[in-house]
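Undergrad: sharing a model that was predicted from the sequence below.
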Amino acid sequence: MNKQLSCNVQVLCDINISEDVSKVKNAVLNVFPDLRISIADSQLVGKSNDITYLTNISELIHNKKTNNAFERILKKNTNENSTWFFLNKQAAFVEIVALCNDADESSLGPIKVILEADDIESVIELLV
């Protein structure tokens with residue numbers, strides 16, 4: 001992963017009343033190890049300006065050859081200098097990175113990942 005490329009990574013995840021907060025936190029940390037996380041008002045928020053937090057996702061995309069689908073999702077969700085995608089929360093809990101096309105694909109709600117960069121196209125190219 002290119003550390004010279006600047007990218008802000010924000011991870012958002014709603015915590016349902018029926019969910020154990022520590023399990024939701026672990027699910028996020030399984031995908032984004034060492035991410036700084038805060039929890040407030042039933043929402044988990046993680047933030048970083050280190051693009052290397054996306055290494056697990058980039059490796060998955062290349063290993064499973066899902067880069068075309070992922071690129072399509074990222075480009076569809078691009079708005080000026082940002083883009084976003086959903087990950088399945090239950091899959092993340094068992095250390096599997098699974099992309100979701102929409103929020104309903106994750107029954108307990110998805111993990112939303114927002115990427116912001118001056119050159120968002122280069123970030124997308126790096127990931128896929």
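TA: That came through, no problem.
Undergrad: from V113, how far off is L54?
TA: 8 Å (Cβ to Cβ, to the nearest Å). Just so you know, the C-beta spots here come from the backbone N, C-alpha and C atoms, and that holds for glycine as well.
Undergrad: enumerate every residue touching N68.
TA: V128 (Cβ atoms under 8 Å, 6 or more residues apart in numbering).
Undergrad: worst-scoring helix or strand of this protein, pLDDT-wise?
TA: Sorted by mean pLDDT, DSSP states H and E, the helices and strands of the chain end with helix 55-63, the least confident at a mean of 79.
Undergrad: quick check: angle from whichever helix or strand comes after that helix to helix 55-63?
TA: The helix or strand immediately downstream of helix 55-63 is helix 67-76, counting by DSSP states H and E. In terms of direction (axes from the mean of the first three to the mean of the last three Cα atoms, to 10 degrees), helix 67-76 departs from helix 55-63 by 130 degrees.
Undergrad: what bridges to the residue nearest in space to the middle of the chain?
TA: The residue lying closest to the centre of the chain (Cα atoms, centre = their mean) is V113, at 3.5 Å. V113 has these beta-bridge partners by DSSP bridges: V11, F85.
Undergrad: touching, it and F85? I think so.
TA: Yes: V113 is within contact range of F85, at 5.5 Å (criterion: Cβ atoms under 8 Å).
Undergrad: overlap in contacts of L54 and V113?
TA: What both L54 and V113 touch, as defined by Cβ under 8 Å, 6+ apart, is the set V9.
Undergrad: end to end, how far does stretch 27-45 reach?
TA: 13 Å (Cα to Cα, to the nearest Å).
Undergrad: just stretch 59-68 next, same as before
TA: 14 Å.
Undergrad: for stretch 107-121, same thing?
TA: Termini of stretch 107-121 sit 31 Å apart (Cα to Cα).
Undergrad: count residues in the vicinity of the residue nearest to G109 when sequence neighbours are not counted, would you?
TA: Leaving aside its chain neighbours, G109 sits nearest to D14 (4.8 Å; criterion: Cβ to Cβ, 6 or more residues apart in numbering). Look at D14: counted by other Cβ atoms under 10 Å, it has 17 neighbours.
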